[in-house]
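[1] could you work out the structure for the sequence below:
(chains A and B)
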Amino acid sequence: MNLVLDVAAGVLLVVAALLSVAAGAGLVRFPDALSRMHAGTKPQILGLICVVLAIALSLREWAVLLTLIPVVVLQLFTAPMSAHMIGRAGYRTGDFRSELLVADELEDDIARADHVSSEEAGEPVGRTLDDREGDDDRAR
Amino acid sequence: MSEEGERRAILRGVLHQLPLLGVLVALWMLLWGSVSVLTLLTGILLAIGVTRVFYLPAVALSGRFHPVAFTRLLFVFLGQLVAASAEVSAKALSPRGIRSSAVVEVSLLSRSDFVVTLTAVLTSLVPGSLVLEVDRERSVLFLHVLGAERPEDLEDMRRRVLKTEERLIRAVGSNRDVERLQGEGVA
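    Now for the predicted structure:
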């Protein structure tokens, strides 16, 4: 029984390592900042779950398991936030290659909003990216 | 508002906050690795202190919880996490690499901050989709979809997010949102 659990723990560690390798490869190989965020933040969540499961399987103690649960839960809640904040900043500062996007519905939406607000205020359409900041704060 | 009504509103606010306080206390006890009167009492004190000092607007929980739907949500999520992790890893390692991506707009059904936030978190956790922007007033999420090439890929992603939201509403959504789901004909 113990051998089975140890082998399972070993397999999980290898899987976690492979996920980390893939994340590293994606970080280098993906074309722009937004794509790299996927590689940098996502596979590690499953990787972390695998590592934590491996620790739980090899130590087999309740106290350990109980301290591991918050590790996973906190990771699940914080990783999307950091990814969102960096992604959002990346989009707003134009730190991505728009020629690689097959569709950009946020751009369309901003254009629509600009059009509507300029019709209301009688301003000319077509503003630069820096002007979006103020718009967004008002909408919030 | 009468005094009685005011008191009831305060009581309701406290009741709504109780699950969150409970989670903080449980976390404190987990960190100490012991369940005792001492950790319980210090936990309660700290939970109240933390929520006072780092004040945030109260999270409006729906007050509804469906255990079966919640279990289903968890298992579907785990399945998606494994499948999507493998997919992104394969993309990262494949010689072809990533040719293109897309930014997709998804209009959610629910107007509840709680459901919209959880949908965004679950969508973000699954590799291949990243929440770039949230329009809270209209409940619209803007996602960056890794490796999207054809228009079908965008529709797939939209459908996937809406399915996630549907499962979430069934698990923890308010009665009103569940009714809206049925009204949409997806039930």
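
[2] buried by neighbour count: which residues of the longest helix along chain A qualify?
    Identified as the longest helix of chain A according to DSSP state H is helix A:62-92. Using 16 or more other Cβ atoms under 10 Å in any protein chain shown as the test for burial, helix A:62-92 gives A:65-68, A:75-76, A:79-80, A:83-84, A:86-88, A:90-91. Using the backbone N, CA and C atoms, a C-beta is placed for each residue, glycine as well.

[3] following element in sequence after that helix, please.
    Next along the chain after helix A:62-92, taking DSSP states H and E as the criterion, comes strand A:101-104.

[4] direction included, what does that next one pair up with?
    Paired with strand A:101-104 in the same sheet, following DSSP bridges, are strand B:101-107 (parallel).

[5] what's next to the strand it pairs with, contact-wise?
    If you take Cβ atoms under 8 Å, 6 or more residues apart in numbering or on different chains as the criterion, strand B:101-107 is touched by A:32, A:34-35, A:91, A:100-109, B:132, B:138-148, B:153-154, B:157-158, B:161-162.

[6] cool, stretch B:150-165 as well?
    Contacting residues not belonging to stretch B:150-165 are listed as A:102-103, B:77, B:102, B:104, B:106, B:108-110, B:115, B:119, B:122-123, B:129, B:141, B:143, B:145, B:147-148 [Cβ under 8 Å, 6+ apart].

[7] please name the residues that touch the residue nearest the centre of chain B.
    Closest to where the C-alpha atoms of chain B average out (Cα atoms, centre = their mean) is B:Leu118, at 1.1 Å. If you count contacts by Cβ under 8 Å, 6+ apart, B:Leu118 has them with B:168, B:172.

[8] go through the strand or helix carrying it and flag the buried ones.
    B:Leu118 is part of helix B:113-125, with elements assigned from DSSP H and E. By neighbour count with 16+ other Cβ under 10 Å, helix B:113-125 contains the buried residues B:114-116, B:118-125.

[9] tilt between that helix and strand B:101-107?
    Helix B:113-125 and strand B:101-107 are oriented at 160 degrees to each other (axes from the mean of the first three to the mean of the last three Cα atoms, to 10 degrees).

[10] strands of chain B, residue ranges please.
    B:101-107, B:129-135, B:140-145 (DSSP state E).

[11] mind putting these in JSON lines, mean pLDDT and distance to A:Ser118 included?
    Below are the strands of chain B laid out as JSON lines (pLDDT from 0 to 100; distance: least, Cβ to Cβ, whole Å):
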{"stretch": "strand B:101-107", "mean pLDDT": "86", "distance to A:Ser118": "21"}
{"stretch": "strand B:129-135", "mean pLDDT": "86", "distance to A:Ser118": "19"}
{"stretch": "strand B:140-145", "mean pLDDT": "87", "distance to A:Ser118": "21"}
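
[12] related to what we said a few turns ago, of the buried residues of helix B:113-125, closest to chain A?
    B:Ser124 (3.4 Å; Cβ to the nearest Cβ).

[13] if we can go back for a sec, give me the subset of the buried residues of helix A:62-92 touching chain B.
    A:66-67, A:76, A:79-80, A:83-84, A:87-88, A:91 (Cβ under 8 Å from any Cβ of the partner chain).

[14] if anything else comes up later, I'll come back, but that's it for now.
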